[in-house]
Structure formats: C-alpha cells, structure tokens
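[1] Got a predicted structure here, sequence first:
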Amino acid sequence: MLLSVLYIIGITAEAMTGALSAGRRNMDWFGVMLVASATAIGGGTVRDILLGHYPLGWVENPHFLVITCLAGIVTTGLAKWVLKLKGLLIRLDALGLVVFSIIGTKVAMEMGHHAIICMVAALVTGVFGGLLRDLICRQTPLVLHQELYASVALVASGLYLAMLHFGISDLTATIATIVAGYTLRMAAVRFQWRLPSFQLDTEEALH
Amino acid sequence: MLLSVLYIIGITAEAMTGALSAGRRNMDWFGVMLVASATAIGGGTVRDILLGHYPLGWVENPHFLVITCLAGIVTTGLAKWVLKLKGLLIRLDALGLVVFSIIGTKVAMEMGHHAIICMVAALVTGVFGGLLRDLICRQTPLVLHQELYASVALVASGLYLAMLHFGISDLTATIATIVAGYTLRMAAVRFQWRLPSFQLDTEEALH
Amino acid sequence: MLLSVLYIIGITAEAMTGALSAGRRNMDWFGVMLVASATAIGGGTVRDILLGHYPLGWVENPHFLVITCLAGIVTTGLAKWVLKLKGLLIRLDALGLVVFSIIGTKVAMEMGHHAIICMVAALVTGVFGGLLRDLICRQTPLVLHQELYASVALVASGLYLAMLHFGISDLTATIATIVAGYTLRMAAVRFQWRLPSFQLDTEEALH
C-alpha cells in the first residue's frame, strides 16, 4: 500500500524528467508520451522481460500508462514551472529510485531467485528507465557518469535483503531502506560523490 | 487471408526503407539485412515480447525473415530505381502502417487485454520497426517529429475496435479501417499535418 | 564440458573489449560493468528473449555475471597491458564468436526450431553483444561494416548443423566447427575480407 502510493509518485516524477528530455529534442506529443513512459516504466519492463515475469505490470494495469502519458503531456504545458521545481524533481527522482529498487528486489525474490539476481533486478528497475530515455534522446547515458545512482539501487536492495534475512518485518525494512537510500542519493547529489571513472584516451581500438 | 497478403506487401516495403537507411550509413550486406528485418518485423517482435506472446511470428514462420532479407539485398542493387519510386514506397509504407496496426490490435485482443493495451499493441507494431531502424542507424527517430504517424496507428486501432464493438463483421471492419487509416496517413503527408511539438530551448537539464 | 570452459574464456574476452569501449566514453565503474556484461552475455540474452527461452542463462547461473563484472573492473586497472595484448584479445574474440554461435545453434535446435532459426540464433548470440556495446557507447555498430564477423557466425552454425545432419558426433562436429570458424575469422581479419557494402550517397531520404 505504502509502496503503491510511492510508486505512483515515482513514475510521475520520472515521466516528467523524460518529457523534459524529449522537449530538448523537439519531439512531438507522441514522442513526449513515449519518452515519458519509457523513463517511468521502462526499467520495470526490462526487468520483467529479463526475468520472464509476465504479464508486465502496465499491461495488467493500463492506468499506469495513462498516468505516465498524462504526466508527460502536462509537463509540456508547464515546462517553465517544472524547471523551477528542479529541486523537488531531484528529490522525487531519488525517492523513485529507492522505491523502484525495493519493488524490483521483491519481484525477483518472489520468483525465488538468488540474492545477486534480486540486486540486479533492483538495479534494472531503478536505472534502465533513465538509460532508455537517454538512448532514445541520443544523450550519452547520464547514469553512467554522474553522481552515485546505480550504486544507490544496489545498496538499497542489499540493505533490504539483509534486513529481511535477519527477521525484520517487511514494513520496517521497507521504510528503513527508503530513508537510508534516499539519504544516500541526496548526499551523493549534494557532495558530488562519484564512482571512480575509467578514462581511456587512446583511440587505438580493438576493432 | 486479405491481411496476410497485405502483411507481406507491408514488410517488403518496410524492409526496403530499412535498406535505404543502412545504405546511407555505408553498411555491409549483413547490416542491410539486419536493418531491413528490424524495420519490417521489429515492431511485431517488440509487441510480442512485451505481451509475452510466444513463439514470435518469424520464429514460427522463418520465411518472413527470408522475405525481408531478400527485399533488403535487392534494394541495394536497385537503389537508384527504388529512390525514383519514392511515391510508391510512401504509399506502401502507409498501407503497412495500417495493416500492422490491425494485426497488433488483433493479437492483444485475442490475448484478452484491455482496449488501451490493444491500442498500445497496434502502436508498437506500427511504429517500433521504424524506431529500431533509426536507433541502429543513429538517426533521431523520425516518427517522433514528422507528420502524423503514430497517431494513425492509434486512430486505426481505435476505429477497428469500435467497429467490432458495435457488431460490425471482422472483414468489413478490417477493410474500412484500412481505407480510413490509409487516407488519414496520406492526407497527413500531403498537408504536413503534425502533432504539436514540445521545444525546450534551455540546456539547463535536470541531470 | 569443452564448450563450458570455452564459453567462460569467451565471455571474459568479450567483457574486456566492452570495458575498453566504456573507458573510451569515460564511464564510471558501474558503466564499465554494464557495458562489459552487455557485450559478453547480451547476445545470449537477446537470443533467449527472442526464443522465449527462460530462465536466462545468467539468471540461473549468476556467477557468469560476476565473471563479466570482474573482468570489466580488472580491465580498468590493467588497460595499458590489455591494449598491448590486442592480438591475443582478437584471437579470444574470434574463439568466443564461434563458441557463442555453436551454443546459440544448440539452444534453438533443442527447442525444435527450423534450421534457419537455429542459424539466426547463432548469429544473435555471436553478434548482438557487440551491437549492444556499440549502441550504449554510441559508436556506429562495427559488426555492420568491418571484416567478416556475422558471416562467420552463420557459416559456423550452418557447418555444425550440416555435420550433425550427416550423423557426425556432437563432439567431433563441435571441434571441427571451432577450428573452421576460428580459421575463417582470423583469415578475414588478416586479409581484410569484407562483405560488399551498400553506399547510398544521396541525402534524399524517404522520410
């Protein structure tokens, strides 16, 4: 129930960031809806396809798709205001990231998968929406060289799994993971924490 | 039967547009066959993966794949003539779009999905082939900012569903949808009808 | 058994080429692991999704994923040495290509698919990893205009199928295919054998 409400907040925020990217590429309304939906529910879709977990969430509950399309279109009308709410969107995006990670972990867990796969499911749910957005909009995927993002999904998932493992109740584990993951992500944005990056200057390619 | 014949015409035309895009990127024969096939049957493939509708059409009937590969290779030899037939290809592409939309609608309908999902299935079948072509060839996806294209798939699908809902026979509904959808698409090309687009000039990104 | 050992060598080599591409895009460690894994096991993943062959190999055996992530990270530390081993990596990549093709052929064969689909499965297993790497790293896919690569997958698959068809034992067919496919690929690199390419200079597009 808590997760459901937070999930809807999360996909709405993600859809808005997707719509802004589409706007920077001068896409039409259909493009805006496509990028908004791919950003918001693309991660969960890729996860379900990788796990063979059918039917997909939005196929079973098409109103999720209606929400992301509407959020995208509304963003085109309110772009100036939305950009002023940048701080709020970053907070909602951080919340969404952790919520998506918990949901991804639960889906893989309920299918009986290994803890590593549960963490991969969290990662895919949290990160692949933004990755799809950047592929469609032809931006170098930002999750691959900005502040800790994918790492937050992994940490949140690991924390949640560990708490369940030690007998903590699902509700407590969920709330604690959300608080910890959100704090980690916001601190990473604030203090620009990054993973070490790998820079190869040579153009001397293998291929 | 009617749909099967039109489907083969549609995938042939789509494969030819794919091959022309591959040629602009100076790809080899394998690249031409890949892009031709992705353009022609990629939409139906993505639809079936999203719906968990196995086996995929071309896996069950590999001759569809043979057709798209051949159409791609033949296009490389006849590129000058094919480009002169631009008007014909645009007409066949419009026909293919509507036929793909009807087929997509039927697949989702037979799986018992909600009308919204049937329309999404039509959209994916009609549009994602061209989207894959543009991703592989690194063009900004054209369906996202040209004349009405995705909208035609949605309108065709909605019209077809509405006619079936009101008890019109499948054959009549199919023919009426093809005529209406084709007319709408060709009018959109002729009069350059477009969806409103969303232009965001600021580079001030969220990320 | 032989195939399993060669498979692990193959995914390690592929993961290293993926990591080098990620380094050229200045990605962080997560990006490196993502691109390494996509390059190494992306082809098999796409094949299994297209065939509806669940669970995916790495979902069932997460240690494959651990291997590719480690190979990627180790490459970032040893990039200078790895680049000096270019010749070895090209040989291991050639070996991986043929091994992946045989595995892809076997998976489709065991599902009872047509020989054409078995060859497509070989192709997808062998080639789509590199294709995903180039899409994520925004390079024009190299398999689409370099020396024979996809063709080697097709030839290896066809040869293997033909030998089984004529009653040759699986082990003999596997070894013979590896030798023949590896030789063909290395000869293609050495003598720069390429498929004819299709160059369309006109910008006069259909769309």
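    That came through fine.

[2] Distance-wise, check the residue nearest the centre of chain A relative to chain B.
    When Cα atoms, centre = their mean is applied to chain A, the residue found nearest the centroid is A:Gly126 (3.2 Å). Distance of A:Gly126 to chain B, given as Cβ to the nearest Cβ, to the nearest Å: 14 Å. (C-beta placed from N, C-alpha, C; glycine too.)

[3] pretty sure that residue belongs to a helix, no?
    Yes - using DSSP: H, G, I helix; E, B strand; the rest coil, the assignment for A:Gly126 is a helix.

[4] mind listing what it touches?
    Each residue near A:Gly126 by Cβ atoms under 8 Å, 6 or more residues apart in numbering or on different chains is listed here: A:43, A:97-98, A:100-101, A:104, A:149-150, A:152-153, A:156.

[5] Just the pLDDT at it, thanks.
    Looking at A:Gly126, its pLDDT reads 94.

[6] Next: A:Ala71.
    96.

[7] shouldn't it be in contact with A:Thr12?
    Yes - with contacts counted by Cβ atoms under 8 Å, A:Ala71 reaches A:Thr12, the gap being 4.7 Å.

[8] Any stretches of chain A with poor pLDDT?
    A:140-146, A:202-207 (pLDDT under 70).

[9] swap the cut-off to 90 and go again
    A:1-3, A:21-31, A:77-90, A:92-93, A:130-149, A:189-207 (pLDDT under 90).

[10] That one: strands as residue ranges?
    Using DSSP state E, no strands are found in chain A.

[11] Go through the contacts of A:Gly126 and name the one nearest B:Tyr7.
    Sorting the contacts of A:Gly126 by how near they are to B:Tyr7, with Cβ to Cβ, puts A:Gly43 at the top with 32.7 Å.

[12] quick one on the thing from earlier: let's have the contacts of A:Gly126 in CSV, adding distance to A:Trp81 and neighbour count.
    Below are these laid out as CSV (distance: Cβ to Cβ, whole Å; neighbours: other Cβ atoms under 10 Å in any protein chain shown):
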residue, distance to A:Trp81, neighbour count
A:Gly43, 26, 31
A:Leu97, 23, 29
A:Val98, 26, 30
A:Phe100, 25, 30
A:Ser101, 29, 32
A:Gly104, 31, 29
A:Tyr149, 25, 26
A:Ala150, 30, 26
A:Val152, 28, 28
A:Ala153, 29, 31
A:Ala156, 30, 29
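
[13] Closest one to B:Ile136 out of those, please.
    The nearest one, if we look at these relative to B:Ile136 and count by Cβ to Cβ, is A:Gly43, at 22.2 Å.

[14] Tell me who's in contact with that closest one.
    So A:Gly43 contacts A:100, A:104, A:124-130, A:132 (Cβ under 8 Å, 6+ apart).

[15] circling back: find residues that contact each of A:Ala71 and A:Thr12.
    With Cβ under 8 Å, 6+ apart, A:Ala71 and A:Thr12 have common neighbours A:Ala40.

[16] Which residue of these two possesses the greater neighbour count?
    The neighbour comparison of A:Ala71 against A:Thr12 (other Cβ atoms under 10 Å in any protein chain shown) goes to A:Ala71, with 23 against 20.

[17] Skipping adjacent residues, who's closest to the more buried one in space?
    A:Ala15 (3.8 Å; Cβ to Cβ, 6 or more residues apart in numbering or on different chains).

[18] neighbours around that neighbour, how many?
    A:Ala15, neighbours per other Cβ under 10 Å, totals 29.

[19] How about the contacts made by it?
    Contacts of A:Ala15 (Cβ under 8 Å, 6+ apart): A:36-37, A:39-40, A:67-69, A:71-72, A:75.

[20] ok, those vs chain C, which is closest?
    If you rank the contacts of A:Ala15 by distance to chain C using Cβ to the nearest Cβ, A:Thr39 comes first, at 16.6 Å.

[21] Pretty sure the closest one sits against A:Thr17.
    Yes - taking contacts as Cβ under 8 Å, A:Thr39 lies within contact range of A:Thr17: 6.1 Å.

[22] tell me, what's touching those two both at once?
    With Cβ under 8 Å, 6+ apart, A:Thr39 and A:Thr17 have common neighbours A:130, A:133.

[23] And the two? Which one has more around it.
    More crowded of A:Thr39 and A:Thr17, by other Cβ under 10 Å: A:Thr39, with 32 against 27.

[24] Distance check, the more buried one against A:Asp93.
    10 Å (Cβ to Cβ, to the nearest Å).

[25] and if you look at A:Gly72?
    Taking Cβ to Cβ, one finds A:Gly72 at 15 Å from A:Asp93.

[26] residues near the nearest residue to A:Cys118 once chain neighbours are set aside, how many?
    Using Cβ to Cβ, 6+ apart and skipping the chain neighbours, the partner closest in space to A:Cys118 is A:Ala108 (4.2 Å). By other Cβ under 10 Å, the residues close to A:Ala108 number 27.

[27] Isn't A:Ala108 up against A:Ile116?
    No - the criterion here is Cβ under 8 Å, and A:Ala108 misses it with A:Ile116 at 9.6 Å.

[28] Report the separation between A:Gly167 and chain B.
    Counting by Cβ to the nearest Cβ, the gap from A:Gly167 to chain B is 35 Å.

[29] Hmm, I typed the wrong one, I wanted A:Arg91.
    Taking Cβ to the nearest Cβ, one finds A:Arg91 at 11 Å from chain B.

[30] My guess is that residue contacts A:Met186. True?
    Yes - counting by Cβ under 8 Å, A:Met186 is a contact partner of A:Arg91 at 7.1 Å.

[31] circling back: neighbour count for A:Gly72 and A:Asp93, which is higher?
    Neighbour comparison, A:Gly72 and A:Asp93: the larger count goes to A:Gly72, with 29 against 21 (by other Cβ under 10 Å).

[32] need the contact list for that one.
    A:15-16, A:18-19, A:22, A:32-33, A:35-37.

[33] Contacts only, for the closest residue to it other than its chain neighbours.
    Distances taken as Cβ to Cβ, 6+ apart place A:Ala36 nearest to A:Gly72, at 2.9 Å, with adjacent residues excluded. Counting by Cβ under 8 Å, 6+ apart, A:Ala36 touches A:14-16, A:18-19, A:22, A:68-69, A:71-72, A:75.

[34] Next: A:Val98.
    Per Cβ under 8 Å, 6+ apart, neighbours of A:Val98: A:126, A:152-153, A:156, A:177-178, A:181-182, A:185.

[35] Off-centre distance for the longest helix anywhere in chain A?
    In chain A, taking DSSP state H as the definition, the longest helix is helix A:86-110. With Cα atoms, centre = their mean, to the nearest Å as the basis, helix A:86-110 stands 6 Å off its chain's centre.

[36] Please point out which parts of it sit buried.
    A:89-109 (16 or more other Cβ atoms under 10 Å in any protein chain shown).

[37] swap in stretch A:65-76?
    A:65, A:67-69, A:71-76.

[38] Run the chain-centre distance for that stretch.
    Counting by Cα atoms, centre = their mean, stretch A:65-76 comes out at 17 Å from the chain centroid.

[39] In this structure A:Gln139 contacts A:Ser21, no?
    Yes - the pair A:Gln139 and A:Ser21 passes the contact test of Cβ under 8 Å, sitting 7.1 Å apart.

[40] And these two? Which one has more around it.
    Shown here are A:Gln139 and A:Ser21; by other Cβ under 10 Å, A:Ser21 has more neighbours (25 against 16).

[41] how close does the more buried one sit to chain B?
    With Cβ to the nearest Cβ as the criterion, A:Ser21 and chain B are 8 Å apart.
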